[in-house]
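A.B. asks: Take this sequence and fold it.
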Amino acid sequence: MKLNKYFLSASLVALSAAMVSCDDDDMFTVDRQQCFILYSGDVDCPKVTGNSGIVWKSRISNDTIYLKVSPTVDPVEELDSVTIKMYVSKGATVSPDPSIPQNFAQEGGVKYTVTSGDGKTSRTYVVTNGLTDIVEYGNGFTRGATTGEFVSFVDLGYPGELANYNLADSREYGDLNGYIAFCGHDNYVILAGQYTYPKFDNAALTVPNEALALKVFNYADNAPVGTLNTGSVPFASFRVLSSDINGVLVAGVAAQDGGGDLYYWKKYTDEPTLIAHISDPMFTCRDGADYLQVTGDIFSTCNICSNAARGPEGLHYMIHMENGAVTNIQTISTGLSSGDGNGWQMISAINPDLNSSYVVADSDKTIADGNGNNTIRVCANTYSGTTKVNMPAVLQTWNSWWVGAGTMHNRTGARRPYVSAMNINGKHYVALQLGTGWWFHNDIVELDDLATRVVGTDIKYSSNNGWSFGASCDWYWDADKNEGYVIYYTDRSGVSTTRLTCYE
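C.D. replies: This is a model prediction of the structure:
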């Protein structure tokens, strides 16, 4: 049946979608006078432009049209008081007028009656909200959205005052030497190095604070819920945190023999479980340059990366696990000195496989930003140390006057950017944090092109972070919901969160 289309809308934006079409023997066709909403081509499906500006396509089931809204947005906020764009059969009319704004998230949806040109036949549709389709494996994330307000370190319950840099104790304006990581899907933990072992930064700060050292928060509202169960492990021995792809917390703990212990928690109330003791010297920097990155599932296959001794070769540990046990420990070289600049470098394995390639964040005193600050470069290396992809010299397009990929400032060991390789839905990304002395952003970029961002993941903020220890981030993937969750911590600022989706 060849159709002539009649267009009704107050919206001008079109996106592609899968459609179905009416048959020649459509029961609602009388004397060729037709009355239906058209689903015959990629550009013809009903769609709305939500209050966020995103255009949402639709699917049809019988006479119900479902607007495919991403789970990263609130459908009530997105679909209240918006108009719909639809095509109907030639000569037909629609009631109510599609140009009138409606709340498509209301219970029962919105009913539209299509009446044939001769007025003898009509058909009623219900337009309501539903979920978008999951993108095919290999296409990764589709978009992200900030899921919560930025929360300052003061609002998280740490003593001090935001942006008051005249306080005598730098911890009171946020110099926590903080690391952040998920502990299960509902909670995250902040390790405040300035409260576990404070004298490493200031000899006068000799009193640790167990209540502030390993605080646990509810992810949904950032409310403090307690402290991490450290069992028999001295809380002052904790150095770094991370989590695996499922949100299982992993901590790096300094061992008495100079090596390192790795522990895990599924819930913050659990007793710590020892993964392995590493006899090599680990977590010894004590100036903010220690780090930990977990790629994969610690109970299946994963790589755990951590810093080794600084030097011209850029040495790091890559600890490989199979079925929950360590099977291989290797020291690898990035080929970029970790002893220049302010002595800071970190890596994150791209895959959980043995001999994985990795992403590098490196500070280099030979590169300057015009103000004498060291510049950080980010690149992806093969396991042998060959660089395959470089982040562009200027990634911050929203402040293009910045030179370089970010800067290392005066305090030795300051961490910026903090990089974490992400392998989600068959595609590789890198979560990172960049900044100068005052302006910063959190971002997720595609590994194959370190200049290409995931839509909706850019978070910008400002603070006097020039002398701070920098930043940390963590993430996990919820396979049941097809969503990823990312959390960022920045010294002298606080915490922000992002949710990512694999829906269209």
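A.B. asks: all strands for the stretch 1-150 of the chain, in order.
C.D. replies: 5-8, 47-49, 55-56, 58-61, 64-69, 84-89, 93-95, 110-115, 122-131, 143-146 (DSSP state E, counting those that start in this stretch).
A.B. asks: any idea of the mean pLDDT for the first one?
C.D. replies: Rounded to a whole number, the mean pLDDT of strand 5-8 is 41.
A.B. asks: One more: the longest one?
C.D. replies: Predicted confidence along strand 122-131 averages 91 (mean pLDDT).
A.B. asks: Repeat that for the fourth one.
C.D. replies: The average pLDDT for strand 58-61 rounds to 86.
A.B. asks: Send over that strand as CSV, restricted to the C-alpha atoms.
C.D. replies: The C-alpha coordinates for strand 58-61 follow below in CSV (Å, rounded to 0.1, in the frame of the first residue of the first chain):
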residue,chain,number,x,y,z
SER,A,58,9.5,5.3,19.8
ARG,A,59,8.3,1.8,19.3
ILE,A,60,4.7,0.5,18.8
SER,A,61,2.9,-2.5,20.3
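A.B. asks: quick one: stretch 130-149 to chain centroid distance?
C.D. replies: 11 Å (CA atoms, centre = their mean, to the nearest Å).
A.B. asks: Going along the chain, name the strands of the stretch 201-350 of the chain.
C.D. replies: 214-218, 224-227, 238-243, 249-254, 260-265, 273-278, 292-296, 301-307, 315-322, 325-333, 345-349.
A.B. asks: Let me know the angle separating the longest one from strand 273-278.
C.D. replies: Put simply, strand 325-333 runs at 40 degrees to strand 273-278, going by axes from the mean of the first three to the mean of the last three CA atoms, to 10 degrees.
A.B. asks: Run a quick neighbour tally on Ala289.
C.D. replies: Neighbour count for Ala289, taken as other CB atoms under 10 Å: 22. (Glycine included, C-beta is placed from N, CA and C.)
A.B. asks: what residues are up against it?
C.D. replies: Residues near Ala289 by CB atoms under 8 Å, 6 or more residues apart in numbering: Asn307, Arg310, Gly343, Trp344, Gln345, Thr412, Gly413, Arg415.
A.B. asks: Apply 10 Å and report the result again.
C.D. replies: Contact partners of Ala289, counting by CB atoms under 10 Å, 6 or more residues apart in numbering, are 307, 310, 338, 342-346, 363, 412-415, 469-470.
A.B. asks: cool, Asp63 as well?
C.D. replies: Phe36, Ile37, Lys111, Tyr112, Arg123, Thr124, Tyr125, Val126.
A.B. asks: Test my guess that the second one contacts Val126.
C.D. replies: No: contact between Ile37 and Val126 fails when scored by CB atoms under 10 Å: they sit 11.2 Å apart.
A.B. asks: The two: who's more crowded?
C.D. replies: With neighbours defined as other CB under 10 Å, Ile37 and Val126 compare such that Ile37 has more, 25 against 15.
A.B. asks: measure Tyr158 to Arg171 for me?
C.D. replies: 8 Å (CB to CB, to the nearest Å).
A.B. asks: shared neighbours, these two?
C.D. replies: Here Tyr158 and Arg171 have Ala192, Gln194, Tyr195, Asn209, Leu212 as joint contacts, going by CB under 10 Å, 6+ apart.
A.B. asks: in the sheet, who's paired with the first one?
C.D. replies: In this case it means Ala192. Note on Ala192: beta-bridge partners by DSSP bridges are Gly178.
A.B. asks: Isn't it up against Ala213?
C.D. replies: Yes: when contacts are counted by CB under 10 Å, Ala192 is listed as touching Ala213 (5.9 Å).
A.B. asks: quick revisit: now the buried members of the shared contacts of Tyr158 and Arg171.
C.D. replies: The neighbour count (16 or more other CB atoms under 10 Å) marks Ala192, Gln194, Tyr195, Leu212 as buried among the shared contacts of Tyr158 and Arg171.
A.B. asks: Confirm that the second one sits in a helix.
C.D. replies: Right, the one you point to is Gln194. Yes: the assignment for Gln194, made by DSSP: H, G, I helix; E, B strand; the rest coil, places it in a helix.
A.B. asks: all numbers from here: first residue = 29
C.D. replies: Yep, numbering from 29; the last one is Gln222 now.
A.B. asks: separation between it and Gly316?
C.D. replies: For Gln222, the distance to Gly316 equals 10 Å [CB to CB].
A.B. asks: before we move on, what about the third one?
C.D. replies: Counting by CB to CB, the gap from Tyr223 to Gly316 is 14 Å.
A.B. asks: May I see the buried residues of stretch 405-424?
C.D. replies: Across stretch 405-424, burial judged by 16+ other CB under 10 Å covers Arg405, Val406, Cys407, Ala408, Asn409, Tyr411, Gly413, Val417, Met419, Leu423, Gln424.
A.B. asks: so where do the helices sit in this structure?
C.D. replies: Assigned by DSSP state H, the helices in the chain fall at 103-107, 221-224, 238-241.
A.B. asks: Could you export the ones you listed as TSV, including mean pLDDT and distance to Thr359?
C.D. replies: Shown next, in TSV, are the helices of the chain (pLDDT from 0 to 100; distance: least, CB to CB, whole Å):
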stretch	mean pLDDT	distance to Thr359
helix 103-107	92	50
helix 221-224	90	24
helix 238-241	94	30
